[in-house]
Each structure stands twice: as C-alpha cells, then as structure tokens.
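1. Mind looking at a prediction? Sequence and model below.
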Amino acid sequence: MTPPLTDRLAHVRWIAGGTAAGKSTLTRLLAERHDATVLDGDRAEHRWLARCDSARHPRLAALRDQPPGALWHDRTAEQVFRAMPSLHGEMTGFLVDELLALPADRPVLVDYFGILPRDLAPLLRHPSQAVFLLPTPAFRRSALTTRYADPAHARATWGTEDADTALAERLARDTLWDQEVRHQSPLHGATTLTIDGSTSAATLADRLAARFALPLP
C-alpha cells in the first residue's frame, strides 16, 4: 500500500511567502549547513510551462509564449493578481510531482513564491514543515529596486513597459498576494514571519533550522 502523501513528503520543508522576502538567501544558507536538496520553484516554472495543459491549467497555459512584459500590459495590479495561476492552485500538482521524483534520503527545501496556505496544508504532516515569509513594504521596495536596477534585467522582465510604472504595479500585486497569505494562514494553521531587515539572514536561518528540525550532516 502506498503511504499517504503527507508521509511521502515528510522530509520536505517549505520556505514560501511574498516576493523579495529573502527566501532564496535563507534556502541557500540552510542547504549549505544541512546538506539539503533545493527545489527552486521559480526555475521549475519554466518546465511546468512546457508541460501544462490548457484544460487543467488554463491560467498557466495562457502565459506560454508571451513576450516579456505582456502579463502587465494594459492591466491593473488587481487583474494581474486575479489571473495568477498560483492563486487558483494550478502549481500544486507540478510541485508534488517534482518532489516525489527527488531522493528522500535527505531534507528537501522548497523555495517558492507561488503556493498558498490553502494548497500547502494538505501536503504537510505537521505545520512546522512550512513558513511563509512576508516582507514589509519598505523592505520589498528596496529589494526589488535593487534587483531591477540593471536595465537588461528590467527589460527581460518588463519588456517595453516603463520600468517605474511596471515596478509600481508589481508592488501593488505583491501586496494583494501578501494579503491573501495573511487571510488564509490562520484558516490553515500556517505560520507567517515578517521580514523587515532588522534580523540577519544567519539568525533567521538558525530559527528556521530549529523550526524545521533540520539535522546536521
């Protein structure tokens, strides 16, 4: 008999939440310290785009072959938010498939923005396996301003859209995502952690390692 999915994913720990909250930095630190495998959800999305089905994943399939910036063109932040595949749970099955394909002989850390407490809760044997990082508005603005300061990076993301306007839309959309995470978290026993830059990444990594009960190699 196949064990329950929660048992098969018991070695997985999730660092989810808002964009520009330091998820990748913390995941990297934890992976190095605890000899863990990392699933980078942002990179995996490119594979999912190629595999998605327009009937089962209509919002994800709609993004296929779109040029940079098309997602934001002539749309409000609310419209972009409502069209997000992850808001409708379209990424969950892909995440599960990828995790089940990885070796389970060591911890796996998921670094991913696009999953909500509602969709993550059924995958957890215990709520301590996950945390949702939510940056303060000032922390996020600073991080994204730095991230897109390189014009080439900005063009690859926004295309011909005005970078300042696109960034403002991105910040507004991400605020809506954070609000959704905060709304769902108490309903599904999820833990959120506010990131404001006052605590070092090393200290945050220590706290997450303790929460996740990560073994030393």
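-> In hand now; what should we look at? Numbering: from 1, shown residues only.
2. Please list the residues outside whichever strand or helix holds V110 that contact it.
-> Assignment of secondary structure by DSSP states H and E places V110 within strand 108-111. Counting by Cβ atoms under 8 Å, 6 or more residues apart in numbering, the neighbours of strand 108-111 from elsewhere in the structure are 11-16, 23-24, 27, 30-31, 36-42, 95, 99, 102. Backbone N, C-alpha and C define where each C-beta goes, glycine included.
3. average pLDDT for it?
-> When the per-residue pLDDT values of strand 108-111 are averaged, the result is 98.
4. Now do the helix or strand following it, average pLDDT.
-> Past strand 108-111, heading to the C-terminal end, the next element that is a helix or strand (DSSP H and E) is helix 117-120. Confidence for helix 117-120, expressed as mean pLDDT, is 98.
5. I'd like to know which elements helix 117-120 is packed against.
-> Packing partners of helix 117-120 (3 or more Cβ pairs under 8 Å, 6 or more residues apart in numbering; DSSP states H and E): helix 163-184.
6. Now find how far off-centre the helix it packs on is within its chain.
-> 13 Å (Cα atoms, centre = their mean, to the nearest Å).
7. List the contacts of the spatially most central residue of the chain.
-> For the chain, the residue nearest the mean C-alpha position is F113 (1.3 Å; Cα atoms, centre = their mean). With Cβ under 8 Å, 6+ apart as the criterion, the residues that contact F113 are A16, G17, G18, T19, K23, G41, D42, S86, W177.
8. Quick one, grab the pLDDT at the second one.
-> Read that as G17. In this prediction, G17 carries a pLDDT score of 96.
9. and what of the last one?
-> W177 carries a pLDDT value of 98.
10. show me what contacts it?
-> Here W177 is in contact with G18, T19, F81, M84, L87, F113 (criterion: Cβ under 8 Å, 6+ apart).
11. if you set the cut-off to 10 Å instead, what comes out?
-> Contact analysis of W177 by Cβ atoms under 10 Å, 6 or more residues apart in numbering lists G17, G18, T19, F81, M84, S86, L87, F113, G114, L116, L134.
12. Residues touching the helix or strand where L193 lies, excluding its own?
-> Assessed by DSSP H and E, L193 sits inside strand 192-195. Among residues not part of strand 192-195, those counted as contacts by Cβ under 10 Å, 6+ apart are 15-18, 20-23, 26, 117, 131-136, 139-140, 143, 178, 181-182, 184-186, 199, 201, 204, 207-208, 211.
13. Can you point out the buried residues in the next helix or strand after it?
-> Towards the C-terminus, the helix or strand next in line after strand 192-195, according to DSSP H and E, is helix 201-212. Residues of helix 201-212 classed as buried: L204, A205, L208, A209, R211, F212 (neighbour count, 16 or more other Cβ atoms under 10 Å).
14. Return the member of those residues nearest to P4.
-> Set against P4, the nearest of those by Cβ to Cβ is F212 (20.1 Å).
15. got a list of what that closest one touches?
-> Contacts for F212 (Cβ under 10 Å, 6+ apart) come out as 12-15, 30, 34, 36, 107, 109, 128-131.
16. Just the residues you listed: which are in strands?
-> The strands, defined by DSSP state E, take in V12, R13, W14, I15, L109, A130, V131 from the contacts of F212.
17. Next one: the last one from G18, what distance?
-> What that stands for is V131. In this structure, V131 and G18 are separated by 12 Å, where distance is defined by Cβ to Cβ, to the nearest Å.
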